[in-house]
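# sequence plus the predicted model coming up.
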Amino acid sequence: MRARRLFAVALAFALGLAVFTVTRGDERAAAGPPSAGAPSLRPDADTDALVRRLQVAVRRGAPREAELAAAYLQKVRETGDPSFYARADGVLRGALARGPEDPGELAAAAELAAGRHDFRAALRAAQRSRALEPEAIGAYPILVDALVELGRYGEAERELQRMVDLKPNLPAYARVSYFRELTGDLDGAAEALRLAIAAGGPVPENVAYVQSLLGSLELARGRTAGTRRAFAAALAAMPGYAPALAGRARLAALGGDLDIAIARWRRLVARLPLPEYVIALGEAELAAGRVAAGREDLSLVRVQERLLTGAGVNTDVELAIYEADHGSRRRALRLAREAWSRAPGVRAADALGWALTRAGRPEAGLRWARRALRLGSLDPTFRYHAGIAAGRDGRRDLRLALRHGLGAHPLYAKRALEALR
């Protein structure tokens with residue numbers, strides 16, 4: 001992939017920007033990168049107030065359903081509450097059924113589908129939106145995301161280049177960063193995120209999100225001081241921001257202080273019991289030898305998964321890995337195969353490889369693990385899964401995993417060190 005060519009236009013543009021310093025006050029966030037169609041707010045605006053205003057406007061017949069749906073999706077990003085997906089869905093279904101097709105409504109429908117991990121539907125809606133308004137930026141972020149998740153990397157790169165050419169802004173820079181991360185170019189990925197931060201976003205959460213991504217990248221690069229600064233900046237932009245608090249827990253785990261990591265994860269889970277945070281807490285407990293507490297924590301995962309499924313969110317990839325590690329390996333295989341059939345990208349390949357490895361088929365697991373790594377990713381969990389599947393021949397992958405942040409996943413790190421002995 002031509003990661004250095006991609007972004008050349010964006011970099012040239014960004015050098016002409018007045019770069020500002022953020023002063024206000026892991027695996028990627030579940031809600032995904034901000035899209036260009038997010039509601040336009042002042043930095044100090046209140047999303048709830050915006051929702052109320054738009055609800056009144058829609059009830060009075062104003063054609064502002066796309067804006068209201070985008071505000072509901074912003075609430076998902078800010079709160080982690082999947083019930084806002086259903087509200088956005090209801091608004092958009094009614095608007096699209098009335099017709100004629102509106103590019104803004106289709107772009108919002110694409111973002112909703114992507115948030116629910118229905119990437120084929122997201123791609124269709126984004127393509128229809130772009131066909132109606134070819135020079136508008138609104139559908140491009142989700143178009144790129146869907147192509148990436150579907151494993152269509154060449155097409156995704158071309159669409160991202162068009163997006164960068166049209167408008168090199170925070171959503172564009174965030175996606176350039178992810179492309180570079182997929183190819184193992186962590187320095188380039190961090191460079192793109194810094195430009196995303198400098199570009200700014202329409203709401204504080206957007207900047208906090210990108211600061212949190214930068215913190216995770218700095219952790220993967222072994223730069224703990226930069227990691228701390230990035231997470232602190234995210235929390236200054238949006239106090240109590242969950243991805244930044246989770247990042248701080250991972251940083252404590254990486255430093256070997258499991259007591260602090262567990263305490264941080266427990267406080268976060270008490271407020272926002274998303275599966276990724278519950279799993280992180282339970283696995284940290286297991287790594288610390290607190291087996292009963294870890295199992296009790298992990299028992300909450302299926303409850304939360306049912307809530308997400310009820311909101312229309314497809315969690316096959318995440319649940320397949322959870323089942324492979326802590327539940328039914330037969331179910332893990334079924335979920336991973338379903339995930340691959342829906343979105344044949346690197347995340348699904350990794351999940352299927354790990355499910356096969358844990359089911360006692362490491363040779364088949366390794367073939368899929370190599371598919372997950374074919375772009376050159378240094379993702380520590382991908383590398384760990386490949387290393388374990390390869391057995392003694394996987395020492396290089398295990399060392400790379402430990403070098404690039406596996407310590408933030410303490411149970412995996414413990415097992416990787418045992419495998420290297």
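Alright, I've got the coordinates.

# so where do the strands sit in this protein?
For the chain, strands defined by DSSP state E do not occur.

# in it, where is pLDDT below threshold?
Scanning the chain for pLDDT under 70 picks out 1-45.

# tally of neighbours for the residue nearest to residue 326 when sequence neighbours are not counted?
Closest residue in space to residue 326, ignoring its immediate chain neighbours: residue 298 at 5.5 Å, by Cβ to Cβ, 6 or more residues apart in numbering. In this view, the C-beta of every residue, glycine as well, is placed from N, C-alpha and C. Residue 298 has 21 neighbours, counted by other Cβ atoms under 10 Å.

# am I right that residue 298 is in contact with residue 278?
Yes - counting by Cβ atoms under 8 Å, residue 278 is a contact partner of residue 298 at 7.0 Å.

# got the contact list for residue 242?
80, 268, 271, 272, 274, 277 (Cβ atoms under 8 Å, 6 or more residues apart in numbering).

# rerun at 6 Å
Residues near residue 242 by Cβ atoms under 6 Å, 6 or more residues apart in numbering: residue 272.

# next: the one 4 residues further on.
Applying Cβ under 6 Å, 6+ apart, we find residue 246 in contact with residue 277.

# separation between the residue sitting furthest away from the middle of the chain and residue 53?
Centroid-distance maximum for the chain: residue 60 at 36.2 Å, with Cα atoms, centre = their mean. Using Cβ to Cβ, to the nearest Å, residue 60 is found at 11 Å from residue 53.

# all helices of the stretch 251-400 of the chain, in order?
Listed in chain order, the helices of the stretch 251-400 of the chain (DSSP state H, counting those that start in this stretch) span 258-271, 275-287, 291-298, 301-310, 316-326, 329-342, 346-358, 362-372, 380-390, 395-403.

# which residues sit against the last one?
In other words, helix 395-403. For helix 395-403, the external contacting residues (Cβ under 6 Å, 6+ apart) are 380, 383, 384, 386, 387, 416, 420.

# just the C-alphas of it, formatted as PDB.
C-alpha atoms of helix 395-403 as PDB (Å, rounded to 0.1, in the frame of the first residue of the first chain):
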ATOM      1  CA  ARG A 395       8.800 -16.100  18.900                       C
ATOM      2  CA  ARG A 396       9.300 -13.100  16.600                       C
ATOM      3  CA  ASP A 397       5.600 -12.300  16.600                       C
ATOM      4  CA  LEU A 398       5.400 -12.600  20.400                       C
ATOM      5  CA  ARG A 399       8.400 -10.300  20.900                       C
ATOM      6  CA  LEU A 400       6.900  -7.800  18.500                       C
ATOM      7  CA  ALA A 401       3.600  -8.000  20.400                       C
ATOM      8  CA  LEU A 402       5.400  -7.300  23.700                       C
ATOM      9  CA  ARG A 403       7.400  -4.500  22.200                       C
END
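
# and that helix, what's buried?
For helix 395-403, the neighbour count (16 or more other Cβ atoms under 10 Å) marks 397, 398, 400, 401, 402 as buried.

# can I get those in TSV with distance to residue 118?
Listed next are the buried residues of helix 395-403 as TSV, based on distance: Cβ to Cβ, whole Å:
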residue	distance to residue 118
397	32
398	35
400	33
401	31
402	35
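
# would you turn the helices of the stretch 251-400 of the chain into JSON lines with distance to residue 412?
Below are these laid out as JSON lines (distance: least, Cβ to Cβ, whole Å):
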{"stretch": "helix 258-271", "distance to residue 412": "13"}
{"stretch": "helix 275-287", "distance to residue 412": "8"}
{"stretch": "helix 291-298", "distance to residue 412": "14"}
{"stretch": "helix 301-310", "distance to residue 412": "16"}
{"stretch": "helix 316-326", "distance to residue 412": "9"}
{"stretch": "helix 329-342", "distance to residue 412": "16"}
{"stretch": "helix 346-358", "distance to residue 412": "11"}
{"stretch": "helix 362-372", "distance to residue 412": "14"}
{"stretch": "helix 380-390", "distance to residue 412": "5"}
{"stretch": "helix 395-403", "distance to residue 412": "8"}
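
# for residue 107, which of these is the nearest?
Closest approach to residue 107 among the helices of the stretch 251-400 of the chain (Cβ to Cβ): helix 329-342, 21.6 Å.

# can you tell me which helices and strands that closest one packs against?
With contacts taken as 3 or more Cβ pairs under 6 Å, 6 or more residues apart in numbering; DSSP states H and E, helix 329-342 sits against helix 316-326, helix 346-358.

# repeat that with 10 Å
On a contact count with 3 or more Cβ pairs under 10 Å, 6 or more residues apart in numbering; DSSP states H and E, helix 329-342 meets helix 316-326, helix 346-358, helix 362-372.

# show me what the second one is packed against.
What it means is helix 346-358. Packed against helix 346-358 by the contact rule (3+ Cβ pairs under 10 Å, 6+ apart) you find helix 140-149, helix 316-326, helix 329-342, helix 362-372, helix 380-390.

# same deal with the first one?
In terms of contacts (3+ Cβ pairs under 10 Å, 6+ apart), helix 316-326 is packed against helix 275-287, helix 291-298, helix 301-310, helix 329-342, helix 346-358, helix 380-390, helix 410-420.

# report the angle between the third one and helix 275-287.
By that I understand helix 301-310. 170 degrees (axes from the mean of the first three to the mean of the last three Cα atoms, to 10 degrees).

# could you chop this protein up by domain?
What automatic domain parsing lists as the domains of the chain is 31-239, 254-313, 314-421.

# just name the most buried of the helices and strands packed on helix 329-342.
helix 346-358 (a mean of 26; mean count of other Cβ atoms under 10 Å).

# that one to helix 380-390, inter-axis angle?
Going by the same axes, to 10 degrees, helix 346-358 makes 30 degrees with helix 380-390.
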